[in-house]
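[1] just coords:
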């Protein structure tokens, strides 16, 4: 029977669900869970097909959101990093009554570059899909290296991401291709204009995958949301700047 891996820990009176990014698993949060677990009840999830959530093939964004939501607490803060940000955003759209607040980290409602919209060039994402079949592990490692490029602790940060990947069984090529397809095709910009739950967007100034140019555009599109850019971070601010990152989340608990 297919099921997702879900671990609950912590002593806080507010539920916080953490959704990881493409190619990874929930162990990527190990650097911040000790601090957050004294403030929140944490829900650590391996997305369907990733980490210990085995038995799944390629899924659509809606399918992935439905599976995760079916295991979730009634009223939680949902935090999604990168691809996980799309999943968390979709959950907030599907079931806003289940979402206390939405937090996206180094994520975009539309990862793929479009006319007048900065993002990853579609041919780059298509290239990653082609390379997965030829050299699976090296393709994942290249993608991880891009996530820390430019930070003062880039090599150390990349090692932490790689150790999270290698700690568990690698996702199948089918699952990874499905995730890249979501990044290549999904566009939630207009849908999220109608979102009514509190919405915090966190970014890295040096991020090469989610360019900071999208921040003022989304500020205009989503005036009720709030954004913060970590000045010296790239695509994984919770790894390069864990203390500042935790402070931003803990502040959500105070009205």
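    Ah, there it is. This one's a predicted model, so the numbers in the text were calculated from it and none came from an experiment.

[2] what's in contact with the lowest-mean-pLDDT helix or strand in the chain?
    Lowest mean confidence among the helices and strands of the chain (mean pLDDT, DSSP states H and E): helix 136-148, at a mean of 80. Outside helix 136-148, the residues within contact range by C-beta atoms under 8 Å, 6 or more residues apart in numbering are 22-23, 82, 106, 128, 131-132, 154-155, 157-158, 161-162, 165, 170, 173, 176, 208-209, 234-236, 239-240. From N, CA and C alone the C-beta is placed, and that goes for glycine too.

[3] rerun that using 7 Å as the cut-off
    With C-beta atoms under 7 Å, 6 or more residues apart in numbering as the contact definition, helix 136-148 has outside contacts at 23, 128, 131-132, 154, 157-158, 161-162, 165, 173, 208-209, 234-236.

[4] most neighbours, which of those residues?
    The most crowded member of those, judged by other C-beta atoms under 10 Å, is residue 235 (29 neighbours).

[5] In space, what's closest to that one - neighbours in sequence excluded?
    residue 147 (3.8 Å; C-beta to C-beta, 6 or more residues apart in numbering).

[6] Counting neighbours, what do you get for the one you found?
    Neighbourhood size, residue 147 [other C-beta under 10 Å]: 27.

[7] now residue 18, what's its secondary structure?
    strand (DSSP: H, G, I helix; E, B strand; the rest coil).

[8] next one: residue 110
    Assigned with three-state DSSP, residue 110 falls in the coil class.

[9] burial of it, as a residue count?
    Look at residue 110: counted by other C-beta under 10 Å, it has 20 neighbours.

[10] Thanks a lot, catch you later.
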